[in-house]
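Novice: Generate a structure from the sequence data that follows.
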Amino acid sequence: MAKRVYQVWKGSNYFFLGGRLIFGPDAKSLLISLLLIIVPVTVFCVFVARHLRHEFPSYNAGYAILVVAIVFTIHVLVLLLLTSARDPGIVPRNSHPPEEEFRHELSASVEGGRQTPSLQFPRTKEVIVNGMPVRVKYCDTCMLYRPPRCSHCSICNNCVERFDHHCPWVGQCIGLRNYRFFFCFVSSAMLLCIYVFAICALYIKVLMDNNQSTVLKALKESPASVVLMAYCFISLWFVGGLTGFHLYLISTNQTTYENFRYKAENRINVYDLGCVNNFMEVFCTKVKPSRNNFRANVQEEEPRPPLPTTREAEVEMGEDQRVKVEDDLEFGGDLLKISQRHNIEDIEAEIRSRGSDVHHHNSSEADSVLGSDRRAPNVQADIRNSSWGRRSGSWEIASEVVGVKSNVTESRSHVAPKEQYQ
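Specialist: Numbering: from 1, shown residues only. You can find the predicted model right below:
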């Protein structure tokens, strides 16, 4: 049975419901965030909102306090789920480096000062964003050039587009596809804290009016209100400060990663389109679809041979040259054998027809044959030496040359007895 993408995923993510939900490796911290929201709201509904149902008799307005708290809490939880359980903008990693980026360059070899090929791989390259050059880096883990504003999260072990930060409270990276929901979650949590704090203060005021008591006595009558007000006040410093900080980032079109890393370098922000356009880009643009289909079947790729190193590339080029030269020598040797066989057969025919009076002529023919035998190997050797001298500088004599010499020796031994016979 074929496996699915989420089953062989190389990142550190956790998948649920057959790959429909994706969480970060610290997804357990999401349970703490859920408890920090659900428990205070439950206490609020039981000990505060329930007692205010009949304090506003017109149209039973007191029930609205309870309904608003429940509905708004569900809204916050949905935003939390949309932030932590979706693909934040993971860039699919490659199974092999981009070969089109490799280039062969000549580098000086130590031995003899020869030029040998070496593989060079650029670690960065420039792309144009809004008319300005931006340098992008190569990711060794994902084996790709990261798109602009993309960074590799060391916790999730993924490259994430428009990487903002990894939030442990939601157990997920914050990136291109969930930043909008993250901001809405933080700002909604801030509003929920303000709402609970205000209603608890209202309940203390109601107790003071009904019992004609002081603030201290009212606080003693509702200790739950005191605890909730203290909890919301502390939480407001966190979610409120985070909301204000991200409002600044959105207005200037920055990410948390860019703000902390490049703030001291005084770089020009090429992504800033103006305050209004920056807010429009975050909240009014369509969320891009995920670049990963985690439920798709895995397509097995054939194993690719490893790229040769400098020494391996040099040896391979030398072997290709040697094979070509040896093929040329073998072809030349075959032609030599054919020419020798043809000349010797002609000599034997002339010996039979002419008799002993052609001894001098046969001797000259044999000498010409032997002369051609002596010249042919030298020509082939020169061809071989000149070819190798230009490419690799090697003067080693191939085995085919030795074979040609042996054939010449045999042909000489074949001609010599006939001369003695004459």
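Novice: OK, contacts around the residue nearest to residue 193 when sequence neighbours are not counted?
Specialist: Residue nearest to residue 193 in three dimensions, not counting chain neighbours: residue 232, with 4.3 Å by C-beta to C-beta, 6 or more residues apart in numbering. Every C-beta, even on glycine, is put in place using the N, C-alpha and C of the backbone. Residue 232 makes contact with 40, 193, 194, 196, 197, 200 under the criterion C-beta atoms under 8 Å, 6 or more residues apart in numbering.
Novice: cutoff 7 Å now
Specialist: Counting by C-beta atoms under 7 Å, 6 or more residues apart in numbering, residue 232 makes contact with 193, 196, 197.
Novice: Can you tell me how far the last one is from residue 176?
Specialist: When you say that, I think you mean residue 197. Separation of residue 197 from residue 176 (C-beta to C-beta, to the nearest Å): 34 Å.
Novice: Name the residue in these two with the higher neighbour count.
Specialist: residue 176 (23 against 20; other C-beta atoms under 10 Å).
Novice: Check which helix or strand that one maps to.
Specialist: Using DSSP states H and E, residue 176 sits within no helix or strand.
Novice: Same question for residue 270.
Specialist: For residue 270, there is no enclosing helix or strand under DSSP H and E.
Novice: Could I get the phi/psi values of it?
Specialist: Main-chain dihedrals, residue 270, degrees, to the nearest 10: phi -80, psi -10.
Novice: Now it: closest residue in space that isn't a chain neighbour?
Specialist: Counting by C-beta to C-beta, 6+ apart, the residue nearest residue 270 is residue 132, at 4.2 Å.
Novice: Check residue 128 too.
Specialist: The nearest residue in space to residue 128 (C-beta to C-beta, 6+ apart) is residue 134, at 7.3 Å.
Novice: for residue 217, same thing?
Specialist: Distances taken as C-beta to C-beta, 6+ apart put residue 211 closest to residue 217, at 7.1 Å, once the chain neighbours are dropped.
Novice: Find me the pLDDT at the one you found, would you?
Specialist: We have a pLDDT of 80 for residue 211.
Novice: Check residue 134 too.
Specialist: 87.
Novice: Could you pull up the contacting residues of it?
Specialist: With contact taken as C-beta under 7 Å, 6+ apart, residue 134 is in contact with 126, 127, 148, 270.
Novice: any idea which helix or strand comes after the one helix or strand the second one maps to?
Specialist: In this case it means residue 127. Assessed by DSSP H and E, residue 127 sits inside strand 124-129. Once the chain leaves strand 124-129, the next helix or strand it forms, by DSSP H and E, is strand 132-139.
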